[in-house]
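J.: Return atomic coordinates for the entry below.
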Amino acid sequence: KVLFPVAVGQALRATPAKSFFMRNKKSFKSLQEMILIGLVWNAFCNAFTKGIGIEVSHGFILLFMLSTLHILSMKILYKIFDSKLLNLSKGDVIAATYATSHKTLAAGLPLVNTIFEGNPNLAAYCAPIMFIHPLQLLIGSVFAEKYVSDEKED
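T.: So this is what the prediction gives:
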C-alpha cells in the first residue's frame with residue numbers, strides 16, 4: 001500500500017514521464033495539495049462522525065503528554081544545534097530546531113490511514129496526529145517569541 005506507489009514513482013523518473021511532470025509541475029502541485037486536503041478532511045470527518053475512539057480523560061492525558069514531549073524535544077534539539085561543535089548561526093539553530101521537531105498533519109495522517117485501513121481502532125491511531133498539529137503551532141509560536149527576544153538581546 002505504501003511501498004508500491006513510491007517504487008512506481010521512482011521508476012517513472014527514468015522515463016519521459018519526468019519531462020511531462022516538469023512541464024506541468026504547477027498543476028501537479030495543485031493536484032497534490034487538493035488530494036492532501038481531501039485526505040485530511042476525510043480523516044477529520046470520520047473522527048468526528050465515528051468518534052475519536054478514546055475517552056475524554058485519555059484525550060486530556062494525550063494532550064498533556066504530547067505537549068510535554070514536544071516542548072522537551074524542542075529544548076533538547078535547540079541545545080544540540082546551539083552547541084559550539086556545530087558552530088551554527090542563531091538563525092540556523094532556530095530553523096534546524098523547528099525543521100526537526102515539527103511534523104505535518106498532511107504527511108502523517110494519510111500514512112496512518114493507509115497502513116491501518118480497515119482497522120476498527122483507526123480513529124484512535126489518528127488522534128495523536130490530529131492533536132499534535134495544533135499543539136505544534138501553539139507551542140512553536142510561544143518558542144518563536146522567546147527565540148526572537150533572545151536574538152535581539154544578543
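
J.: Got phi/psi on the most centrally placed residue in the chain?
T.: By CA atoms, centre = their mean, the chain has its centre lying nearest to residue 104, at 1.6 Å. Main-chain torsions, residue 104, degrees, to the nearest 10: phi -100, psi 150.

J.: got it, and the one 4 residues further on?
T.: Residue 108 has phi and psi values of phi -80, psi -40 when expressed as degrees, to the nearest 10.

J.: how near is it to residue 69?
T.: 15 Å (CB to CB, to the nearest Å). The way it works is simple: take the backbone N, C-alpha and C, and place the C-beta from them, glycine included.

J.: These two: who's more crowded?
T.: Between residue 108 and residue 69, residue 108 has the larger neighbour count (other CB atoms under 10 Å), namely 18 against 13.

J.: For the nearest residue in space to that one that is not next to it in sequence, give its distance to residue 84.
T.: Nearest residue to residue 108, sequence neighbours excluded (CB to CB, 6 or more residues apart in numbering): residue 129, at 4.4 Å. To residue 84, residue 129 is 36 Å away according to CB to CB.

J.: Ok, residue 115 next?
T.: Counting by CB to CB - residue 115 and residue 84 are separated by 41 Å.

J.: Just the element for residue 112, please.
T.: helix 105-115 (DSSP states H and E).

J.: quick one: contacts of that helix?
T.: Helix 105-115 is contacted by residues 1-2, 36, 39-40, 42-43, 122, 125-126, 129-130, 133 when judged by CB atoms under 8 Å, 6 or more residues apart in numbering.

J.: Buried residues of that helix, list them for me.
T.: Neighbour counts over helix 105-115 (16 or more other CB atoms under 10 Å) mark 105-106, 108-110, 112-113 as buried.

J.: average pLDDT for the helix or strand where residue 19 lies?
T.: Assigned by DSSP H and E, residue 19 belongs to helix 17-23. Averaged across helix 17-23, the pLDDT comes to 91.

J.: Could you report the neighbour count for residue 18?
T.: 11.

J.: residues contacting it?
T.: When contacts are counted by CB under 8 Å, 6+ apart, residue 18 touches residue 12.

J.: What is the subsequent helix or strand relative to the helix holding residue 19?
T.: Helix 17-23 is succeeded, C-terminally, by helix 25-50 (DSSP H and E).

J.: Against residue 75, how distant is the residue of the chain most remote from its centre?
T.: Computed with CA atoms, centre = their mean, the maximum C-alpha offset from the centroid of the chain is found at residue 16, amounting to 32.0 Å. For residue 16, the distance to residue 75 equals 49 Å [CB to CB].
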